[in-house]
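Sequence and computational prediction follow.
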Amino acid sequence: MLWMQHHGIINTVANLMVTARNDGYTQGYVECSQHVTDALRVDWDTGRSATRVADTSAAHAATKAEYKNLSLPVMDLVTIALQSEDFVNQLKEIFPDEADTSDEEDLE
């Protein structure tokens, strides 16, 4: 978890969730306003709505692009390791077991 936080992955995922929620709220408000206008045959005033001036679609699109372009170099190592016949040992080299490491240190 700390590694993900250090590499900005958690922030990117959290930003994606927030922008998706905000864009959903905005689109939902617009759709609801349209339903009210159609049902009551009145112009629903959205002038005081906080979503009126926000470009939530652009913010969400930019965050989605950032997420799609997120680079995880460790995944390249994992992909290469999985193509090997001895992939288990290669994966253990990439992700050493902390319990094994601490046992070896205790022996020294």
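Perfect, thanks for sending it. Residues are numbered from 1 along each chain as shown.

Now do Pro96: how many residues are near it, please.
Burial of Pro96 is recorded as 11 neighbouring residues (other CB atoms under 10 Å). Every residue, glycine included, has its C-beta placed from N, CA and C.

Also Asp23?
As a burial measure, the neighbour count of Asp23 was computed by other CB under 10 Å and equals 21.

nearest residue to the residue most central in space within the chain other than its sequence neighbours?
Nearest to the centroid of the C-alpha atoms of the chain, with distances taken as CA atoms, centre = their mean, sits Val13, at 2.2 Å. With sequence-adjacent residues excluded and distances taken as CB to CB, 6 or more residues apart in numbering, Val13 is closest to Tyr67, at 7.2 Å.

Same check on Met4?
Nearest in space to Met4, with sequence neighbours left out and distances taken as CB to CB, 6+ apart, is Ile10 at 5.2 Å.

what about dumping the CA coordinates of the host helix or strand of the residue nearest to Val13 to PDB?
Element membership for Tyr67, per DSSP states H and E: helix 56-68. What follows is helix 56-68, C-alpha atoms only, in PDB (Å, rounded to 0.1, in the frame of the first residue of the first chain):
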ATOM      1  CA  THR A  56     -17.000  17.900 -14.900                       C
ATOM      2  CA  SER A  57     -16.800  16.000 -18.200                       C
ATOM      3  CA  ALA A  58     -13.500  17.500 -19.100                       C
ATOM      4  CA  ALA A  59     -12.100  16.900 -15.600                       C
ATOM      5  CA  HIS A  60     -13.200  13.300 -15.700                       C
ATOM      6  CA  ALA A  61     -11.800  12.800 -19.200                       C
ATOM      7  CA  ALA A  62      -8.400  14.200 -18.200                       C
ATOM      8  CA  THR A  63      -8.300  12.000 -15.100                       C
ATOM      9  CA  LYS A  64      -9.200   8.900 -17.100                       C
ATOM     10  CA  ALA A  65      -6.400   9.700 -19.600                       C
ATOM     11  CA  GLU A  66      -4.000  10.100 -16.700                       C
ATOM     12  CA  TYR A  67      -5.100   6.700 -15.300                       C
ATOM     13  CA  LYS A  68      -4.800   5.000 -18.700                       C
END
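
gap between the residue nearest to Met4 and Val78?
Here the distance between Ile10 and Val78 works out to 19 Å (CB to CB, to the nearest Å).
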